[in-house]
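In: sequence first, predicted model second:
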Amino acid sequence: MAEFKQKDQSFSLWKNTFKEDGDNKPDYTGSAKVDGHTYDCALWINEDKNGKRYLSGNFKEPRKKDSPF
């Protein structure tokens, strides 16, 4: 099987299977590549006070793989 390669100026998200009802964990997590630099990204599905759904997210420096945090 071919190894996944992130293209520049793109992101990929996967459904967060660890999220439980009522917690703050993102609905989707993944990675992004911008100008050759890789980021961890997260996406939440939210609802405004009028009941309209919207998406919000963030990008962070990638977590070190050998770090417990």
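Out: Looks like it came in fine.
In: quick one: low-confidence parts of this structure?
Out: 1, 67-69 (pLDDT under 70).
In: what ranges do the strands span in it?
Out: 10-15, 28-34, 37-47, 53-60 (DSSP state E).
In: what about the residue of the chain positioned farthest from its centre, distance to A32?
Out: Using CA atoms, centre = their mean, the residue of the chain lying farthest from its centre is N50. It sits 25.6 Å away. N50 is 30 Å from A32, where distance means CB to CB, to the nearest Å. For every residue, glycine as well, the C-beta is placed using N, CA and C.
In: give me the neighbour count for A32.
Out: 20 (other CB atoms under 10 Å).
In: how about the nearest residue to it, chain neighbours excluded?
Out: F11 (3.6 Å; CB to CB, 6 or more residues apart in numbering).
In: give the contact list for T38.
Out: Going by CB atoms under 8 Å, 6 or more residues apart in numbering, T38 touches Q6, S31, A32, P62.
In: thinking again about what came up before, next up, phi/psi of the residue farthest from the centre of the chain, please.
Out: phi -90, psi 0 (degrees, to the nearest 10).
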